[in-house]
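Undergrad: From the sequence below, what's the structure:
(2 chains)
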Amino acid sequence: MTDYCCPICSLLMNFTCYKSKLMKFTCYKSKLGNDSFLTSTFLTAETLPEGEILRLNSIKKLSTIALALGVERTRTELLPFLTDTIYDEDEVLLALAEQLGNFTMLVGGPEYVHCLLPPLESLATVEETVVRDKAVESLRKISQEHSPVDLEVHFEPLVKRLASGDWFTSRTSACGLFSVCYPRVSSTVKAEIRQHFRTLCSDDTPMVRRAAASKLGEFAKVLELDYVKSDIISLFTALASDEQDSVRLLAVEACVSIATLLPQEDLETLVMPTLRQAAEDKSWRVRYMVADKFSELQKAVGPEITKNDLVPAFQNLLKDCEAEVRAAAANKVKEFCENLPEDSREQIIMTHILPCVKELVSDTNQHVKSALASVIMGLSTILGKDNTIEHLLPLFLAQLKDECPEVRLNIISNLDCVNEVIGIRQLSQSLLPAIVELAEDAKWRVRLAIIEYMPLLAGQLGVEFFDEKLNTLCMAWLIDHVYAIREAATCNLMKLVEKFGAEWAQNTIVPKVLGMANDPNYLHRMTTLFCINALSEACGQDITTKQMLPVVLKMSNDQVANVRFNVAKSLQKIGPVLDSNALQSEVKPVLEKLATDTDMDVKYFAQEAISGTAAAKQIIFGILHLTALILPPNPEWTTTHLYSLGMFQVELVLVDQYKAVLGVHSLHHLTVQEGALQPRQAQAV
Amino acid sequence: MAGPGGDMQWCFSQVKGAIDDDVAEADIISTVEFNHTGELLATGDKGGRVVIFQQEIENKSQPQFRSEYNVYSTFQSHEPEFDYLKSLEIEEKINKIRWLPQKNAAQFLLSTNDKTIKLWKISERDKRPEGYNLKEEDGRYKDPNTIMSLRVPVLIPMDLMVEASPRRVFANAHTYHINSISVNSDNETYLSADDLRINLWHLEITDRSFNIVDIKPANMEELTEVITAAEFHPHQCNTFVYSSSKGTIRLCDMRASALCDKHSKLFEEPEDPSNRSFFSEIISSISDVKFSHNGRYMMTRDYLSVKIWDLNMENRPVETYQVHEYLRSKLCSLYENDCIFDKFECCWNGNDSVVMTGSYNNFFRMFDRGQRRDVTLEASRENSKPMQVLKPRKVCAGGKRKKDEISVDSLDFNKKILHTAWHPQDNIIAVATTNNLYIFQDKVN
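TA: Coordinates of the predicted model:
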């Protein structure tokens, strides 16, 4: 990156990255009055490279710079600079837009908050949507900090400028700002704002119309009811029949909020014609949107309209010619049925919805079937036991035999709903073949998915059924040829043990797992170790010490180095579960032997296990970090720990934290240490 | 021709590119495209470079000289790559450039090679920051011990600098070679077409695209046609067309379904049995399809002709113009030297009254639709004096050659004009010969 293209970074920020630490320090030791000392923290600055991450980190600490400059210079120097600096990388601009939303105090409080408007205004016109959105979000935030007078003098003119900008980027940004200033301005300005919004709703560029359509609901909420009826409805109708379907579909969203605002008696005349039209739109994307928002729409229009209008509309969506629409509607089946008025719910479902659902079970598109499978079980709680057995059960069974694994998985993953109503026994006959088939599916991702449902299934089916039918599957996964499956299988065993208890584990799982320690395949031997890692805690000290530990220790003589260093890792892992006696007499000698192994990795992990330093260090660093932030400085405590840990591992950031904690008097110690640090750091950088 | 008066004359304005006859492969121009205002003109070449020319501000004192196009920005858009999985070299050649509608002070364009589409931002910068804290103005680091206060950099004016920066890379979505990209009128999506598939992208999302057309048969041996070009309708965001190697054009409506495998209209002209030959299918392959600016018509180019179709009439074109009918008797030799597979592009003028396309021997053709007149012009160094009027050329098809006529046999088939572009409003055209870009304009009376 050359200097010219990232001004924030190479000048202000590159420096601030450092400066910010400095500032944190200064704030802490406020008014040190010793500039030469301050600059000593620059010592390490020069070694750092310029780069985007650095700049990003720097801009995130913009508040520190502002703090250092003071409110006056922030207003007169920093903000004008930032206003002109919109050349940078998106990430940097995004961070800047976000920061400025929290800048009120740094420019001198609400009295001066309008100083933040110019940089945010220029950020609200950049081409990157994420940056613009963030700028708008920050503008919305600081709008609340404007006094009503400032809002009219400074904020509202900005909204107008954006709304009448040359480029659509600024006009789209304006759409999000109307609703925040409208409630707090005089009625003449209100009229202007409404006019501006109207204009944007019929803008030439679809981008702006889309932005206006997506903010229509929000704007309607802050408008007086009369204006909602007179203004918003006509805009809504116009947007809902826009020539571009990308605009029309956003009007569907607005429909939800508008319908909530209007009294019930007006809905029929003002909203329903548009909604009916949307549900039958020529474009599948609009119909998809209606299907996707169906539950919200249903709640917004109330039970009567639902019964008369939405039920047939929903039926049509379930039978739509486009699979995407059917899938979206299928997803809503349960929610829709749940929200039907109670008095006629069952009748509507049985006569209108269920026939459509039956057809979807044998849909040609697998996404539709799998969307349905993910919710269909939920219908059983609504329909009750008898209807479920008579009408739904055949559908579940059909879906359990579906050719698409995703459909079967979705049924299995929702078994709990049906278990509550009719008990799982009804299904178990079909369930088992389905599970076995999935468990042996050629695609490992399918196998992975079914493993994840195993603990749930085990809970539903009970321990006996599990032992009888599923246990063998669970053990077979341990020797799957895909690592991800073996890993998931290990994790699954742990969850099963948590569910069924240590005694069950001792009888059914542990012997099989330990038996694999003698397997000729070293990958399987390693699986034993991984299982032990996972199970030791759930099984408790007794089983771990008496049954698992001997096996682990024996494996330390394995001829494969990978097994040996995993023994070291396992010993470290199960260490906390063992009693100290076993640790001293059995574990320690083995680890010491491994520490002299011919293999480098085995040695390394054995040493790691012996000292346990890695973990311990991390914890102490964590404490230090926290201390730096929350505790008053306690130089003695921290220095002792610091030195005991050895400074060479300390990260630069932490050093800075320590400085804050340690205070001035112990700083020269640190500086000395920092000097010694240099080579290592350069490496890290 | 071309103007309402009907007697417009074209005159030479500028030529870009090296003069010597020794043409470097990388310098061969592979695409030419004006932006929506016509202020900028972009070319792409086989070396993966994009060159953008900007129209200078009009000179009031010399009205007869229209403003010229000068280099505005040059950048390397694509680099040669190697697909290690398929053992395939990926050329850096720019297949297409499309400008995005302007959204702020910067300009954006999409450029594509065979596999990867990139979104570029072209922006101006006329200020630079000054007042480093840690560094001197010359870039040296200051001695930190001398820094006693914090200063805020200020922006100072500098010479105008144009930067091109890659904003998005849309990769890994095409198994075959990308032949077209087209930006949708909804301003947020675009399509990219390869030989067998068309994908729909959101301009801000690079990690997924939607497949909207897939004509790949389950068994590749049953493959009978490929997609040759695709374009969005200029106003209706839901409509796009794609042309095929069989000479048909399919119009699809994205509202009807998510996957547009079923077209809503099929434009096809019944074959004339009297002209049927071994080459019929090859020469009927469509090399380019372009909607008219008003969205009512579309134009297709096949090897020998340009056809204008009314979107409301599927069974035959409303107009057909012969580009170089005299080549019909030479198809055999054109097949042998592979020229028959050349992909000529075509373009409309600003008000859709004239169409233009290229031919061989550095000739290009214009057809005035209202007056049913046509003209052949030549882009050559010989008549490249400022404001020199281009003389119409005539090719003699056989029989006795008249004065000023050129015999078919003396045409140079290595000099071909494949890419041309017409300014969106004015009568300014850009014509790419092998490695030169010619700019012509109408003679202002």
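Undergrad: Could you find the closest non-adjacent residue to the residue of the stretch 301-445 of chain B found nearest chain A?
TA: In the stretch 301-445 of chain B, the residue that lies nearest chain A is residue B:311 (15.9 Å; CB to the nearest CB). (Each C-beta comes from the backbone N, C-alpha and C, glycine too.) For residue B:311, ignoring the flanking residues on the chain, the nearest one in space by CB to CB, 6 or more residues apart in numbering or on different chains is residue B:296 at 6.3 Å.
Undergrad: Does the one you found touch residue B:309 like I think?
TA: No. Using CB atoms under 8 Å as the test, residue B:296 is too far from residue B:309 to be in contact (9.9 Å).
Undergrad: Could I get the buried residue list for stretch B:412-422?
TA: Neighbour-count burial for stretch B:412-422 flags B:415, B:416, B:417, B:418, B:419, B:420, B:421, B:422 (criterion: 16 or more other CB atoms under 10 Å in any protein chain shown).
Undergrad: for residue B:50, which residues make a bridge with it?
TA: Beta bridges link residue B:50 to residue B:44, residue B:75, judged by DSSP bridges.
Undergrad: That one and chain A, how far apart?
TA: Going from residue B:50 to chain A by CB to the nearest CB, to the nearest Å gives 19 Å.
Undergrad: is it true that that residue touches residue B:97?
TA: Yes. Taking CB under 8 Å as the definition, residue B:50 is a contact partner of residue B:97 at 6.6 Å.
Undergrad: which residues of the stretch 1-150 of chain B fall in strands?
TA: For the stretch 1-150 of chain B, strands defined by DSSP state E, counting those that start in this stretch occupy the ranges B:10-16, B:29-34, B:40-45, B:49-55, B:69-76, B:81-83, B:88-90, B:96-99, B:107-112, B:117-130.
Undergrad: after the helix or strand hosting residue A:530, next one along is what?
TA: Residue A:530 belongs to helix A:522-543 when assigned by DSSP states H and E. Counting by DSSP H and E, the next helix or strand C-terminal to helix A:522-543 is helix A:549-555.
Undergrad: what's near enough to touch the closest residue to chain B within the stretch 201-350 of chain A?
TA: Using CB to the nearest CB, the closest approach of the stretch 201-350 of chain A to chain B is made by residue A:283 at 3.5 Å. Listed by CB atoms under 8 Å, 6 or more residues apart in numbering or on different chains, the contact partners of residue A:283 are A:245, A:248, A:249, B:238, B:254, B:255.
Undergrad: Residue B:240 bridge partners, please.
TA: Bridge pairing for residue B:240 - DSSP bridges - gives residue B:232, residue B:252.
Undergrad: and it, what does it touch?
TA: Residues near residue B:240 by CB under 8 Å, 6+ apart: B:182, B:191, B:198, B:230, B:231, B:232, B:233, B:251, B:252, B:254, B:260.
Undergrad: okay, it: pLDDT?
TA: Here, the pLDDT recorded for residue B:240 equals 97.
Undergrad: Distance check, it against residue B:255.
TA: Computed as CB to CB, to the nearest Å, the residue B:240 to residue B:255 distance reads 12 Å.
Undergrad: which parts of the stretch 151-300 of chain B sit against chain A?
TA: Neighbours of chain A within the stretch 151-300 of chain B, by CB under 8 Å from any CB of the partner chain: B:152-155, B:158, B:161, B:163, B:185-188, B:204, B:235-238, B:254-258.
Undergrad: Select from those every entry located in strands.
TA: Among those, DSSP state E puts B:154, B:155, B:158, B:161, B:163 in strands.
Undergrad: List the contacts of residue B:12.
TA: Residues near residue B:12 by CB under 8 Å, 6+ apart: B:383, B:384, B:385, B:386, B:387, B:388, B:390, B:438, B:440.
Undergrad: Who wins on neighbours among the residues you listed?
TA: Most neighbours among those, by other CB atoms under 10 Å in any protein chain shown: residue B:438, with 26 neighbours.
Undergrad: mind checking the SS state of it?
TA: State at residue B:438, reduced to three classes by DSSP: H, G, I helix; E, B strand; the rest coil: strand.
Undergrad: what's the helix or strand for the residue found closest to residue A:102 once you drop the neighbours it is linked to in the chain?
TA: Spatially, and ignoring its direct neighbours in sequence, residue A:102 is nearest to residue A:63 (7.0 Å; CB to CB, 6+ apart). For residue A:63, the element it lies in under DSSP H and E is helix A:62-73.
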